[in-house]
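K.L.:
I would like the atomic coordinates for the input below:
(chains A and B)
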Amino acid sequence: MINLLSALALVVVCVTTMLIAFHGLRLSRTTSDFYVASRTVRPWWNASAIGGEYLSAASFLGVAGLIVLSGQSGLWFPIGYTAGYLMLLLFVAAPLRRSQAYTIPDFAQIRFEESKSLRKITTYLVVVICWLYIVPQMHGAALTLSIATGLPGWLGPVIVAAVVCITVVSGGMRSVTFVQAFQYWFKLAALVVPTIFLLFQVIPEQSSTARLDSIATQLESVAGLNLYETISIILALLFGTLGLPHVLVRFYTNPTGQAARSTTVIVLGLLSVFYLLPTTLGVLGLLYAPQLGGNAETDATVLLLPSAVLDGFLGDSLTAIVVGGAFAAFLSTTSGLVVSLAGALSQEFFAGTVRGFRISTVLATALPVFIAVVTSSLALAGAIGNVFAFTASTICPLLLLGIWWRSLTARGAIAGMLTGAAACGLALMISSLLPEVDTLWFHMLRQPAAWSVPLAFVVMIAVSRATARSVPANADRIMARLHVPDRDSAF
Amino acid sequence: MKRDSPEAPLPGRFAQQRPQRVRVQAPQNASLTVSAVKPEHTAQEFYVQQLIRSQLRLACAVAAGLLTMLVGISALLALWPTVYEFTLWHIPLPWWILGVGIYPLIIVAGMLFNGAAARNEKRYRSISRD
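P.N.:
Coordinates of the predicted model:
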């Protein structure tokens, strides 16, 4: 029974996604449509799409899983994801929209026209970040499929990749905007309904005083992260969001810089509302399925909870709803990443044609599927946290200094990004090979953001100072273009 | 995707209205078309610098507030365990702060920044001749 309903939910989500994409296809006419929806998407529509794109496997499954795994420390992840958006609003949203670039490599080129190597390095970093980010989505798909339907896990990534390829190849960004806006509301509903049912079941059941008194002890029974790790994660999430390629490309679909800002504020609201749900489910999981913390399946908390608390048809249908929402999460985030990735690849290797974009799309999805199938899954939210740390140490300094500091030089940017990438990447790799020990240097290797982000900034600033003579001649004019309000944004 | 040949239009009354098929391609090199001449007034340059500076000051102030709040809360929870003794509906206070309480603050910070940034731009427009 559970297999049938969940499988049905999965099929419905995939087919609906594709139908909306084909509807968008009729509207896609120019390259601009393909890449950035011709920059005509309204703030509410765009905000829903950003929300839909941003709420990935890590948010939908990982947050609750992490709360079950590490208790109160898990609460920092959704805070960081949301506060990261605030940072995006503060420093990046409006100027980046006015830069008229399609992708982050385009921004690098606009800022430093002479430096071809900066553009290349930025492109490669974007490609690496996208792939690192897609793989956990695929792991989530494998986990969800095997737990909910009993089918072999590798089928999950293959389904996600196929649907994403079809939607992106057929319609590009325009249809992706429709798909993702729809998916935000779908994901929200897919968590709201089970949460309400679970709460109504649980609250009357738990009103005995003895049970209520034990709640606090049960919540605090799980060991969390220490202070250094917490702060490092906060920094990684806050500064990492700034540099996420699939999130940035969304800002180009706003008509003006001011619209980009309004959109971001709406996104903050949408994210805050959404994160209340996985948080509630995580707390319920900690109280009702604490045995999950003992094994590797904490990420499946949201999937397993409905049938653990409610039985019969109700439990099964709630599970099916969650499975559908989870697949919506994998599909929307992956398609957003694939659009950015394919955009970067096709600009770099196929001269930016629509045909090149389509070939790149297939390349962009095939490799992560392969990696996901041959590797095993980490804790989803933790794996995504590492990607944020990497982004914060590479793309974030380039964007922040590129937008706000006229004396940045191309060589400084390259040096800073490479230092950040090497420091953060090596630290994460070494810590994954070493046995776990409870010392400060191990924590510093496992959560490198607290030192690798400042390091990247310092190197970027120092090298720029040393090569101060090669500050581009048009730096002032570019800066003015980034910051002077758009003409058509009337008061 | 269907291929249209321009010589043989499709039958039906929509055939004439159909736009010509165009091969589309992204711009080969992304660059802004900034005017080659320098801005004629140095006053203009000064206003732009003032705008950038005031926007940066505003963003840094809000970001510093946010960082102080988050790091402060994490330090408070780690170093002052008494806070766990306060409970609301049997759930310890830190869970309420982290799970619910911070989000409204983030949204309010975003709205305040949005308004202030728009005011900076408005002031720039009113004094610049652009």
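
K.L.:
switch to C-alpha atoms for all contacts and neighbour counts from now on
P.N.:
OK.

K.L.:
was I right to think residue A:318 contacts residue A:308?
P.N.:
No - applying C-alpha atoms under 8 Å as the test, residue A:318 and residue A:308 come out as separate, 11.1 Å apart.

K.L.:
which one's more surrounded, the two?
P.N.:
Of the pair residue A:318 and residue A:308, residue A:318 is the one with more neighbours under other C-alpha atoms under 10 Å in any protein chain shown, namely 26 against 13.

K.L.:
starting at the chain centroid, how far to the helix ranked longest in chain A?
P.N.:
Longest among the helix segments of chain A by residue count, using DSSP state H, is helix A:155-205. With C-alpha atoms, centre = their mean, to the nearest Å as the basis, helix A:155-205 stands 14 Å off its chain's centre.

K.L.:
which stretches of chain B have low pLDDT?
P.N.:
For chain B, the stretches with pLDDT under 70 are B:1-41, B:83-84, B:88, B:90, B:129-130.

K.L.:
now with 80?
P.N.:
Across chain B, the ranges flagged by pLDDT under 80 are B:1-48, B:77-94, B:97, B:125-130.

K.L.:
can you show me the helices along it?
P.N.:
Remark: helices assigned in chain B by DSSP H are B:42-79, B:93-96, B:102-127.

K.L.:
out of these, indicate the one that is most buried.
P.N.:
helix B:93-96 (a mean of 19; mean count of other C-alpha atoms under 10 Å in any protein chain shown).

K.L.:
any part of that helix near chain A?
P.N.:
Yes - Helix B:93-96 reaches chain A (C-alpha under 8 Å from any C-alpha of the partner chain) through residue B:95.

K.L.:
which residue is the nearest non-sequential neighbour of the most centrally placed residue in chain A?
P.N.:
The centroid of chain A falls nearest to residue A:54 when counting by C-alpha atoms, centre = their mean (4.6 Å). Using C-alpha to C-alpha, 6 or more residues apart in numbering or on different chains and skipping residues adjacent in sequence, the residue nearest residue A:54 is residue A:333, 6.2 Å away.

K.L.:
helices or strands up against the strand or helix carrying the one you found?
P.N.:
Using DSSP states H and E, residue A:333 sits within helix A:312-349. For helix A:312-349, the contact count by 3 or more C-alpha pairs under 8 Å, 6 or more residues apart in numbering or on different chains; DSSP states H and E identifies helix A:2-25, helix A:43-54, helix A:57, helix A:116-149, helix A:155-205, helix A:245-251, helix A:301-309, helix A:354-374 as packing neighbours.

K.L.:
which of the residues in the fourth one are buried?
P.N.:
Buried residues in helix A:116-149, defined by neighbour count with 16 or more other C-alpha atoms under 10 Å in any protein chain shown: A:118-145, A:147-149.

K.L.:
still on that earlier bit, run the angle between the helix holding residue A:333 and helix A:116-149 for me.
P.N.:
160 degrees (axes from the mean of the first three to the mean of the last three C-alpha atoms, to 10 degrees).

K.L.:
what's the pLDDT at residue A:386?
P.N.:
Reported pLDDT at residue A:386 in the predicted model: 86.

K.L.:
any chance of the helices and strands packed on helix A:312-349 in TSV, with mean pLDDT too?
P.N.:
Formatted as TSV, the helices and strands packed on helix A:312-349 follow (pLDDT from 0 to 100):
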stretch	mean pLDDT
helix A:2-25	75
helix A:43-54	80
helix A:57	76
helix A:116-149	85
helix A:155-205	77
helix A:245-251	73
helix A:301-309	76
helix A:354-374	81
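
K.L.:
ok so, going back, filter the buried residues of helix A:116-149 by proximity to chain B?
P.N.:
Answer for these near chain B: none qualify (C-alpha under 8 Å from any C-alpha).

K.L.:
how about the residue lying closest to residue A:322 once chain neighbours are set aside, what does it touch?
P.N.:
Excluding the flanking residues, the one nearest residue A:322 by C-alpha to C-alpha, 6+ apart is residue A:190, at 5.3 Å. Contacts were defined as C-alpha atoms under 8 Å, 6 or more residues apart in numbering or on different chains; by that measure residue A:190 touches A:321-322, A:324-325.

K.L.:
how about residue A:470?
P.N.:
A:409-410.

K.L.:
how far away is it from residue A:405?
P.N.:
Per C-alpha to C-alpha, to the nearest Å, residue A:470 is found 14 Å from residue A:405.

K.L.:
show me what the helix or strand hosting residue A:81 is packed against.
P.N.:
Here residue A:81, judged by DSSP H and E, is contained in helix A:76-91. Where contact means 3+ C-alpha pairs under 8 Å, 6+ apart, helix A:76-91 is packed against helix A:227-240, helix A:257-288, helix B:42-79, helix B:102-127.

K.L.:
what angle do the shortest one and helix A:76-91 make?
P.N.:
Okay, so that is helix A:227-240. Per the same axes, to 10 degrees, the angle that helix A:227-240 makes with helix A:76-91 is 40 degrees.

K.L.:
distance from the chain centre to helix A:227-240, please.
P.N.:
On C-alpha atoms, centre = their mean, the centre of helix A:227-240 falls 16 Å from that of its chain.

K.L.:
just stretch A:449-466 next, same as before
P.N.:
Put simply, stretch A:449-466 sits 25 Å off its chain's centre (C-alpha atoms, centre = their mean).

K.L.:
likewise for stretch A:362-373?
P.N.:
On C-alpha atoms, centre = their mean, the centre of stretch A:362-373 falls 17 Å from the chain's centre.

K.L.:
hmm, who's touching it?
P.N.:
By C-alpha under 8 Å, 6+ apart, the surrounding residues in contact with stretch A:362-373 are A:131, A:134-136, A:138-139, A:154, A:157-158, A:161, A:164-165, A:338, A:341-342.

K.L.:
out of those residues, which is nearest to residue A:442?
P.N.:
Ranked by distance to residue A:442 (C-alpha to C-alpha), the contacts of stretch A:362-373 are led by residue A:136 at 23.5 Å.

K.L.:
doesn't residue A:386 make contact with that closest one?
P.N.:
No - Residue A:136 is beyond contact range of residue A:386, at 10.9 Å (criterion: C-alpha under 8 Å).

K.L.:
re the thing from before, and the residue nearest to residue A:322, how far is that from residue B:101?
P.N.:
On the measure of C-alpha to C-alpha, residue A:190 and residue B:101 end up 24 Å apart.

K.L.:
likewise for residue B:73?
P.N.:
In terms of C-alpha to C-alpha, residue B:73 sits 11 Å off from residue B:101.

K.L.:
repeat that for residue A:312.
P.N.:
Taking C-alpha to C-alpha, one finds residue A:312 at 36 Å from residue B:101.

K.L.:
which one's more surrounded, the two?
P.N.:
Comparing residue A:312 with residue B:101 by other C-alpha under 10 Å, the one with more neighbours is residue B:101, at 13 against 10.

K.L.:
and for the closest residue to chain B within the stretch 101-250 of chain A, the neighbour number?
P.N.:
Ranked by C-alpha to the nearest C-alpha, the top residue of the stretch 101-250 of chain A for proximity to chain B is residue A:110, at 4.9 Å. By the criterion of other C-alpha under 10 Å, residue A:110 has 22 neighbours.
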